[in-house]
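I'll drop the sequence and a predicted model, then ask my questions.
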Amino acid sequence: MTVSTEVDHNEYTGNGATTSFPYTFRIFKKSDLVVQVSDLNGNVTELVLDTGYTVTGAGTYSGGSVVLPSPLAAGWRITIDRVLDVVQETDLRNQGKFFPEVHEDAFDYLTMLIQQCFGWFRRALMKPSLLAKYYDAKQNRISNLADPSLEQDAVNNRSMRNYVDAAIAGVVGGFGWFIQYGSGAVYRTFQDKMRDNVNALDFVPFEQRYAALNFEVDASEWLINAINSGASVVRIPAGKWMISKNIDVPPGVSLIGDGIDYWDTYRPAPDRLLKSWSKGTHLVFVGSGAKNKTFLNISNERPVKTVNGVDCKFTSFTNEDSVGTSPATPKPFSVAVSAVHASQIRNLRIMVSKNGIDGYNDAGSNTLGDDWDIGLHVYDSSDAVIDNVQVVGYWRVKGVLLTENDGSLSMKGNPEKTHFNNLYVQSGIGVRNSPQIDLVSNTTDSVTFLHRPSLRITAGNSFAIAGSADLRTFTGSTFDGTNVTLTGVTPPISGTIGVIRFPGLGNNFSGTVFENTVATTLDHTSGQPAESFGLPPSFALEVDGYPIRNLRFDKFKAQTTFDKGNTLWGDCRDTKLTSSEFENGRMVGYNLSQTQGYTGNMRWFACDLQSNVDTTAFTPRDAFVDNRQIKTDFTDGSFILKNWRPTNTRVQWSTGQDAFVMREAPTEASVGGLYGYTLDGLRWLTVDGPTKDITLLSRNGSINNSADNSSVINWFGTSGNVSFKGVIAPMVDNSKSCGSASFRWSQVYAATGTINTSDEREKSKPVPITDAVLDAWGDVSVIAFQWLSMIAEKGASARWHFGVIAQQVRDAFESHGIDGTKFGLLCYDEWDDVYEPVTEIRDVVIREEVSEGEWVERIVKETHETGEQRLVLAAGNRWGVRPDQCAWLEAAYQRRRCDRIEERLEILESK
């Protein structure tokens with residue numbers, strides 16, 4: 001037979017079931033085969049004949065099979081290779097017989113050896129053609145290669161790794177350097193370059209990285225190690241990091257994540273917009289946080305306001321267990337993340353676990369989740385930046401707390417220029433600091449103030465006063481059941497002071513800004529308020545302490561959906577709010593009459609203080625709330641200025657003296673009033689509403705016609721004269737008199753006589769005057785007299801007048817059995833005492849704060865009613881007559897008398 005095929009080996013892949021693998025070429029004996037297997041890792045093993053395999057078909061031309069004692073594992077490979085010894089064992093003798101099969105076998109053996117050699121050559125690294133400039137390994141590894149020594153030597157794995165290690169290790173003489181693009185850049189090692197930024201995963205073992213990023217293992221220590229590595233920037237890659245310990249961000253360190261994900265405390269469609277953590281960096285705090293943080297310098301000094309059944313109380317940092325002069329016990333709190341000056345936290349979420357995130361999407365879950373008090377505490381934080389951060393979940397106290405210092409009695413912090421931007425906070429934001437304590441009284445060596453359950457000032461032995469940077473120390477304290485007195489105060493106190501302050505006072509909060517920030521209350525997914533979980537009423541924002549000054553809120557929103565509080569404003573001054581919104585709940589503020597730690601000089605610009613916010617107890621000392629004072633929600637185009645609360649509205653001169661006051665104080669007259677003042681404080685206009693008088697104070701006055709500016713009414717203060725351009729007439733015809741019995745005109749000047757109406761159409765049927773009336777009138781004497789008031793004024797030179805005495809007229813009619821008061825000629829009037837209010841000018845002391853803690857007093861004059869009444873006219877009565885009626889009756893009497901005389905004369909003449 002011939003060797004008709006070049007095949008000298010066969011390869012197969014196991015399937016876990018096959019044991020017999022054919023070979024398709026001729027062998028002379030079974031030992032001519034070499035059988036090798038390769039496992040999944042490429043490890044090659046040569047099997048032993050009759051132990052690792054058996055052979056069938058040896059000596060046949062068509063081949064046979066290699067049979068394994070057990071199936072070849074799936075994926076394993078097997079190769080069956082013909083390998084012959086390089087010998088020639090056929091001995092041909094001279095002139096011997098010719099045996100064709102023997103010759104053929106010998107030639108076949110040689111051919112097989114040649115094929116074997118070609119097989120070896122084919123496994124060698126070869127050029128694919130004579131023209132090729134490379135060697136083709138046909139996707140096979142080159143193993144057991146010596147290390148290169150010359151520049152053109154091939155590289156093995158070992159030398160390549162050594163090269164890379166040297167390149168990144170930064171060792172002297174190492175290979176590879178980094179150089180930044182641009183003129184002046186210098187070489188740096190790759191190791192040095194890669195240490196510019198620290199990634200938190202640099203500190204996580206490789207085999208734990210998946211678990212660390214997927215909320216499967218506590219990553220606290222790894223993250224803390226990364227933050228404390230000394231790097232300025234620590235990057236936390238996207239993932240759900242399980243944290244059980246407090247994270248402190250040192251000064252100047254930036255903690256930067258890979259973004260946030262969707263979170264909101266209210267969704268109108270519960271089946272969508274679920275809270276998510278599939279993207280971004282999430283620090284998820286689990287378990288019960290270590291309660292190792294206290295605030296020794298914060299007591300609650302504001303009186304608690306109750307608004308529609310809700311006690312609106314600032315967060316308490318003590319157990320409120322002070323007895324007598326003993327200080328209250330500070331509460332210990334757990335804090336998730338703390339940040340200080342020049343640190344930055346960006347692009348991440350800080351949350352407390354509630355079964356991870358699942359509990360926050362379950363409206364039927366009525367628990368708070370894991371136990372942590374404060375999400376982010378920022379203090380002594382000048383130039384700190386919190387940007388694109390969410391602090392969310394059910395924090396027991398506050399989502400974010402900003403304080404001046406670390407909570408000690410002595411540290412002086414600087415929280416100015418702290419920047420919060422793109423911040424979303426659940427469970428509320430607190431800006432708190434040590435309070436001012438209102439004094440009841442003081443002496444040169446003692447101060448007395450109202451005892452409060454949260455008393456902390458006695459935990460030290462010193463305090464500060466307004467207007468002085470020096471501290472006062474005290475040596476003792478007493479309690480009288482109501483007030484606490486600090487005694488042995490040195491240096492001595494000069495004069496009267498209003499407040500004392502804690503000793504560790506640093507800078508105020510000037511320049512600190514909350515921008516693009518949303519603050520919500522607890523807003524539990526179940527819709528239940530915080531009180532349902534044993535917590536106090538939740539507020540989205542609370543601000544109180546000294547010196548909290550010049551806070552700025554820009555594009556800020558404070559809202560509650562399920563809770564009862566919105567905002568607590570305590571001791572804070574010069575707060576500026578722009579383009580901000582306050583929605584739902586109660587808002588509280590304090591004025592100077594309630595506490596010297598008042599809410600003052602608040603300025604709201606382009607803000608929306610919605611009508612669903614209860615501002616009943618929002619009574620700051622002074623505030624401008626533009627959307628309530630300059631109303632813009634009128635569809636008729638009206639422009640309206642309005643006081644947003646029922647207090648006096650004042651327009652002042654440049655001196656600070658009132659020019660106009662529109663009174664609406666609930667303690668004064670409910671009818672309101674308008675007062676006008678001159679520059680020196682004298683009141684010239686008093687309008688007290690429909691139940692009182694209008695008073696216009698002027699030396700002279702005039703009311704002019706707008707058409708020609710001619711005077712219509714003039715009055716002259718010295719003489720009391722009033723002149724009129726036109727007719728003075730009653731508004732209802734024939735309804736009023738000119739003067740009265742108690743206030744009479746002394747005389748009336750007229751160019752012509754008065755006109756009395758005598759129209760028949762306005763009179764009853766005329767009847768003659770009876771003789772009895774005329775007889776009675778005939779008994780009335782016309783007399784001469786002097787007015788007693790004129791005698792008192794002028795004495796004997798008082799002029800004489802002529803007329804009748806009203807009482808004589810009365811008596812004359814009565815003597816004839818006639819009631820004279822039935823006639824218009826006889827008048828009788830009586831009146832009660834007439835009073836007017838007593839006014840006086842008084843000096844009023846106005847107290848103004850001209851700088852932080854420094855007050856000045858200024859005296860202005862004010863006209864006011866003393867509350868007394870002056871008797872203008874005593875009660876009395878007066879008789880009078882109407883001269884025109886007397887004249888007519890006298891004429892009738894004289895006419896009758898003439899008639900009678902003429903009748904008698906006619907009788908006499910007729911005789």
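Arrived safely. Numbering: from 1, shown residues only.

can you give me the helices in this structure?
Assigned by DSSP state H, the helices in the chain fall at 100-123, 157-169, 190-194, 209-213, 220-227, 626-629, 771-778, 788-794, 806-815, 883-910.

can you lay out those as CSV showing distance to F743 and mean neighbour count?
C-betas here are computed from N, CA, C, even on glycine. Compiled in CSV, these are given as follows (distance: least, CB to CB, whole Å; neighbours: other CB atoms under 10 Å):
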stretch, distance to F743, mean neighbour count
helix 100-123, 140, 13
helix 157-169, 111, 14
helix 190-194, 104, 15
helix 209-213, 97, 18
helix 220-227, 91, 18
helix 626-629, 46, 17
helix 771-778, 29, 18
helix 788-794, 14, 11
helix 806-815, 18, 17
helix 883-910, 19, 12
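
tell me which of these sits nearest to N601.
Closest to N601 of the helices of the chain, according to CB to CB: helix 626-629, at 14.5 Å.

what helices and strands are in contact with the closest one?
On a contact count with 3 or more CB pairs under 8 Å, 6 or more residues apart in numbering; DSSP states H and E, helix 626-629 meets strand 602-605, strand 608-609.

just send those back as CSV, with distance to N199 and mean pLDDT too.
Listed next are the helices and strands packed on helix 626-629 as CSV, based on distance: least, CB to CB, whole Å; pLDDT from 0 to 100:
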stretch, distance to N199, mean pLDDT
strand 602-605, 43, 94
strand 608-609, 43, 91
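
tell me how many other residues surround S276.
Using other CB atoms under 10 Å, S276 is surrounded by 14 other residues.

could you list the low-pLDDT ranges of the stretch 151-300 of the chain?
166-176, 270 (pLDDT under 70).

show me where it has its strands.
Listed in chain order, the strands of the stretch 151-300 of the chain (DSSP state E, counting those that start in this stretch) span 178-179, 187-188, 198-199, 214-218, 233-235, 239-243, 247-249, 254-256, 281-285.

and for the stretch 451-600 of the chain?
462-465, 471-473, 476-479, 483-487, 499-501, 513-520, 541-544, 552-559, 565-569, 572-573, 576-578, 581-583, 586-589, 599-600.

return the most buried member of those strands.
Most buried of these by mean neighbour count (mean count of other CB atoms under 10 Å) is strand 565-569; its value is a mean of 27.

summarise which helices and strands that one is packed against.
Using 3+ CB pairs under 8 Å, 6+ apart: strand 565-569 touches strand 310-312, strand 541-544, strand 552-559, strand 581-583, strand 586-589.

quick one: contacts of the second one?
Applying CB atoms under 8 Å, 6 or more residues apart in numbering, the external contacts of strand 541-544 come out as 302, 314-315, 428-433, 435, 519, 551, 558, 566-572, 575, 597.

confidence score at C738?
Looking at C738, its pLDDT reads 82.

ok, it - how many residues close by?
Look at C738: counted by other CB under 10 Å, it has 9 neighbours.

over to I755?
For I755, using other CB under 10 Å, the count is 6.

before we move on, back to that, quick one: closest of the strands of the stretch 151-300 of the chain to F295.
Counting by CB to CB, F295 lies closest to strand 247-249 out of the strands of the stretch 151-300 of the chain; the figure is 16.6 Å.

what strands line up against the closest one, and which way round?
Paired strands of strand 247-249, with direction, are strand 335-339 (parallel) (DSSP bridges).

what's the angle between the partner strand and strand 281-285?
130 degrees (axes from the mean of the first three to the mean of the last three CA atoms, to 10 degrees).

mind checking how far strand 335-339 is from the chain centre?
20 Å (CA atoms, centre = their mean, to the nearest Å).

next: stretch 529-539.
Centre-to-centre, stretch 529-539 and its host chain are 19 Å apart (CA atoms, centre = their mean).

identify each buried residue in that stretch, please.
Within stretch 529-539, the residues scored as buried using 16 or more other CB atoms under 10 Å are 529-530, 533, 535-539.

and it, C-alpha only, in CSV?
Below are the C-alpha coordinates for stretch 529-539, written out as CSV (Å, rounded to 0.1, in the frame of the first residue of the first chain):
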residue,chain,number,x,y,z
PRO,A,529,-46.7,63.4,60.3
ALA,A,530,-43.5,63.2,62.3
GLU,A,531,-45.4,63.0,65.6
SER,A,532,-46.8,59.6,64.6
PHE,A,533,-43.2,58.3,64.9
GLY,A,534,-42.5,59.8,68.3
LEU,A,535,-40.7,62.8,66.8
PRO,A,536,-41.5,66.5,67.4
PRO,A,537,-43.3,68.4,64.7
SER,A,538,-41.0,68.6,61.7
PHE,A,539,-40.0,71.9,60.1
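
for K417, list the residues it contacts.
K417 makes contact with 382-383, 510-512, according to CB under 8 Å, 6+ apart.

if we use 6 Å, what do you get?
By CB atoms under 6 Å, 6 or more residues apart in numbering, the residues touching K417 are 382-383, 511.

can you give me the separation between the closest residue to it other than its chain neighbours and G545?
Residue nearest to K417 in three dimensions, not counting chain neighbours: G511, with 4.1 Å by CB to CB, 6 or more residues apart in numbering. The spacing between G511 and G545, counted by CB to CB, to the nearest Å, is 17 Å.

between these two, which is the more surrounded one?
Of the pair G511 and G545, G545 is the one with more neighbours under other CB under 10 Å, namely 26 against 17.

coming back round to it: distance to S462 and mean neighbour count for the helices and strands packed on helix 626-629 - can I get that in CSV?
Listed next are the helices and strands packed on helix 626-629 as CSV, based on distance: least, CB to CB, whole Å; neighbours: other CB under 10 Å:
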stretch, distance to S462, mean neighbour count
strand 602-605, 32, 18
strand 608-609, 41, 18
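
of the strands of the stretch 151-300 of the chain, which is nearest S20?
Nearest to S20, of all the strands of the stretch 151-300 of the chain, is strand 214-218, at 47.6 Å by CB to CB.
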